[in-house]
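Trainee: curious how this folds, go ahead:
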Amino acid sequence: MSDIFNLNGRCALVTGGSRGIGAAIAELFTRNGAKLMVLHYNDDANADSLRVRLAREGHDLACLNCDVADEAAVAQATDEVQRRLGQVDIVVNCAGIGGDKRFEDISVADWDRMLGVHLRGTFLVTRAFFPDMMKRQWGRVINIASQLAYKGAPGLAHYCAAKAGIVGFTRALSYEGAPHNVMVNAIAPGPVETDLLMGLSDDWRAMKQAQLPVGRFGRVDEIAPTALLLASEAGAFYCGQTLSPNGGDVML
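Mentor: Sure, this is the predicted structure:
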């Protein structure tokens with residue numbers, strides 16, 4: 001039983017992996033044996049900090065700047081990822097942005113950027129590696145959604161729409177992947193202490209914390225183990241699921 005979470009011999013890619021939930025997943029995967037590469041967008045300082053931190057433990061981490069909403073940038077990054085890793089067995093789509101705005105204040109540019117990073121980015125990165133997983137008859141795609149995909153929230157219509165799209169994408173793609181042992185699942189965290197959460201208004205965060213049965217926001221190290229479960233052989237029977245470590249914010 002002790003080996004079912006082992007990722008030895010697996011190559012993983014984590015987008016949005018320089019900080020927050022993505023960085024916590026990258027660290028946990030690396031410490032459990034995965035050869036890893038991280039994509040980030042203009043976040044060299046945090047990416048370097050993560051790389052140095054893992055290097056002190058004897059782990060090698062490659063980091064690459066990439067806007068996952070940009071098709072050409074993803075194509076270029078794909079070539080570099082494959083050159084460095086050889087193949088990608090596990091993709092974690094964690095790249096995301098935040099920002100609360102009343103619906104009437106959301107511009108078309110705001111809407112397009114929010115869906116671009118979250119939903120288009122998930123599509124583009126998954127598309128880059130999914131066919132090879134299918135050919136090899138093994139793969140894991142883990143998409144980071146949000147409990148707000150189910151619950152919604154004032155001031156976050158664009159964010160909630162993007163995350164709900166990720167849940168639907170996950171369910172649909174799982175039908176295509178599962179017959180080839182490519183398991184596609186999602187994680188819908190509750191509010192977690194990250195830069196994204198801290199970027200929301202004080203009023204919004206106070207309102208959200210008051211709603212949580214546990215009475216506090218989560219920590220990134222409380223989310224990452226769910227990704228390890230889904231990436232490992234322990235998660236081999238999960239198909240099209242959205243697991244929700246959310247402090248009771250949504251109870252399904």
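Trainee: ok, the residue lying closest to residue 244 once chain neighbours are set aside to residue 239 distance?
Mentor: Spatial nearest neighbour of residue 244, chain neighbours left out: residue 188 (4.5 Å); criterion: Cβ to Cβ, 6 or more residues apart in numbering. For every residue, glycine as well, the C-beta is placed using N, CA and C. Residue 188 sits 16 Å away from residue 239, going by Cβ to Cβ, to the nearest Å.
Trainee: could you check which of these two is surrounded by more residues?
Mentor: Between residue 188 and residue 239, residue 188 has the larger neighbour count (other Cβ atoms under 10 Å), namely 27 against 16.
Trainee: these two touch, right, that one and residue 242?
Mentor: Yes: at 5.0 Å, residue 188 counts as touching residue 242 under the criterion of Cβ atoms under 8 Å.
Trainee: how about low-confidence regions in this protein?
Mentor: 1-2 (pLDDT under 70).
Trainee: which residue is nearest the centroid of it?
Mentor: Nearest to the mean C-alpha position of the chain, counting by Cα atoms, centre = their mean, stands residue 94 at 2.2 Å.
Trainee: can you pull the contacts of that one?
Mentor: 14, 15, 16, 17, 20, 21, 22, 25, 144 (Cβ atoms under 8 Å, 6 or more residues apart in numbering).
Trainee: which SS state does residue 63 fall under?
Mentor: Residue 63 carries the three-state label strand when classified by DSSP: H, G, I helix; E, B strand; the rest coil.
Trainee: please name the bridge partners of it.
Mentor: Beta-bridge pairing for residue 63 (DSSP bridges): residue 38.
Trainee: these two touch, right, it and residue 50?
Mentor: Yes: the criterion here is Cβ under 8 Å, and residue 63 meets it with residue 50 at 7.3 Å.
Trainee: just to revisit the earlier point, could you dump the contacts of residue 94 into CSV with neighbour count added?
Mentor: Output for the contacts of residue 94, formatted as CSV (neighbours: other Cβ atoms under 10 Å):
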residue, neighbour count
14, 31
15, 29
16, 28
17, 31
20, 21
21, 28
22, 29
25, 31
144, 27
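Trainee: so which of residue 63 and residue 50 has more stuff around it?
Mentor: Set side by side, residue 63 and residue 50 show more neighbours around residue 50, with 24 against 20, by other Cβ under 10 Å.
Trainee: residues in contact with the residue nearest to residue 53 when sequence neighbours are not counted?
Mentor: Using Cβ to Cβ, 6+ apart and skipping the chain neighbours, the partner closest in space to residue 53 is residue 27 (7.6 Å). Contacts for residue 27 (Cβ under 8 Å, 6+ apart) come out as 50, 53, 54, 224.
Trainee: I figured the third one hits residue 62, correct?
Mentor: No: using Cβ under 8 Å as the test, residue 54 is too far from residue 62 to be in contact (10.7 Å).
Trainee: quick check on residue 218: phi, psi?
Mentor: In terms of degrees, to the nearest 10, the main-chain angles of residue 218 are phi -80, psi 170.
Trainee: same question, residue 95
Mentor: Torsion angles, degrees, to the nearest 10, at residue 95: phi -60, psi 130.
Trainee: any idea which element residue 183 lies in?
Mentor: Using DSSP states H and E, residue 183 maps to strand 182-187.
Trainee: using PDB, list the CA coordinates for that strand.
Mentor: The C-alpha trace of strand 182-187 is given here as PDB (Å, rounded to 0.1, in the frame of the first residue of the first chain):
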ATOM      1  CA  VAL A 182      -6.100   8.300 -19.600                       C
ATOM      2  CA  MET A 183      -8.000   9.500 -16.600                       C
ATOM      3  CA  VAL A 184      -9.300  13.000 -16.700                       C
ATOM      4  CA  ASN A 185     -10.500  14.500 -13.400                       C
ATOM      5  CA  ALA A 186     -10.700  17.900 -11.700                       C
ATOM      6  CA  ILE A 187     -10.300  19.500  -8.300                       C
END
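Trainee: ok, then the element right after it?
Mentor: helix 195-198.
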